[in-house]
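S.K.: with the input below, show me the fold.
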Amino acid sequence: MTTESETGREGLYGMRGLLSVTLLLLLVLTLSAEANKKAKAHKGGRHDKSRPASECSSAETQYGKCVPEHGDCGDGLREATCKDRTDKIHCRIPCNWKKDISDCKYKFGPWGSCDAATNTKSRSGTLKRALFNAECQNTVKVSKPCSPKVKKARGEKKSN
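M.R.: Residues are numbered from 1 along each chain as shown. Alright, predicted model coming up:
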């Protein structure tokens, strides 16, 4: 025959066992979730989006041009080399921008008037800053085709 104190001890040991199993399951779930997160970060050959994890400063690092993964614009990778280590880091080339000056940031003036001979308009920009130690021109001139539509002033009604 069991006494009340023995029954209480069995209940206590049962609770400890349940608690131990619960904590073990929680630990396993946490570790598998972390492993899954790391696996997803490297899925499909993607690389870490941050700059290379090394002891080199940005000034010591040599950066290559951004090479789009598909086509001539969009997400891509660039090589970052410092000392004997080369990493690939995430970059992006805007699809509506000049590819040769994509790592250079310029302040542009207003668009000029349309040149009837070439059907283009242009504007110039002065260098604000160079990204990734890029070699940039101090001033650039960009052009685009003239708009075929004539813009109407605000409040002007469309004639039918």
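S.K.: any weak-confidence spans in the chain?
M.R.: 1-13, 33-54, 97-100, 149-160 (pLDDT under 70).
S.K.: if we use 90, what do you get?
M.R.: Residue ranges of the chain with pLDDT under 90: 1-74, 79-87, 91-105, 130-137, 142-143, 147-160.
S.K.: what's in contact with the lengthiest strand in it?
M.R.: Longest strand in the chain by number of residues, with DSSP state E as the criterion: strand 120-130. In this structure, residues lying in contact with strand 120-130 by CB atoms under 8 Å, 6 or more residues apart in numbering are 103-115, 136-146. Yep, even glycine has a C-beta here, placed from its N, CA and C like the rest.
S.K.: list the buried residues in that strand.
M.R.: 121, 125 (16 or more other CB atoms under 10 Å).
S.K.: now the helix or strand that that strand is followed by against strand 120-130, angle please.
M.R.: Following strand 120-130 in sequence order, the next helix or strand is strand 139-145 (DSSP states H and E). With axes from the mean of the first three to the mean of the last three CA atoms, to 10 degrees defining the directions, strand 139-145 sits at 140 degrees from strand 120-130.
S.K.: ok, residues contacting strand 139-145?
M.R.: With contact meaning CB under 8 Å, 6+ apart, strand 139-145 is reached by 98, 101, 104, 106, 108, 111, 119-127.
S.K.: sheet partners, orientation included, of it?
M.R.: Here strand 139-145 is paired, per DSSP bridges, with strand 120-130 (antiparallel).
S.K.: residue 64 reaches residue 86, doesn't it?
M.R.: No. The pair residue 64 / residue 86 is not scored as a contact, 9.0 Å apart, by CB atoms under 8 Å.
S.K.: give me the common contacts of the two.
M.R.: Common neighbours of residue 64 and residue 86 (CB under 8 Å, 6+ apart) are 79, 80.
S.K.: pull the number of nearby residues for residue 67.
M.R.: 13 (other CB atoms under 10 Å).
S.K.: nearest residue to it other than its sequence neighbours?
M.R.: Nearest residue to residue 67 in three dimensions, chain neighbours excluded: residue 76, at 5.0 Å (CB to CB, 6 or more residues apart in numbering).
S.K.: mind checking how far that neighbour is from residue 95?
M.R.: Separation of residue 76 from residue 95 (CB to CB, to the nearest Å) stands at 12 Å.
S.K.: what do you get for residue 31?
M.R.: 41 Å.
S.K.: now do residue 85
M.R.: Shown here: residue 85 relative to residue 95, a distance of 31 Å by CB to CB.
S.K.: alright, that wraps it up for me.
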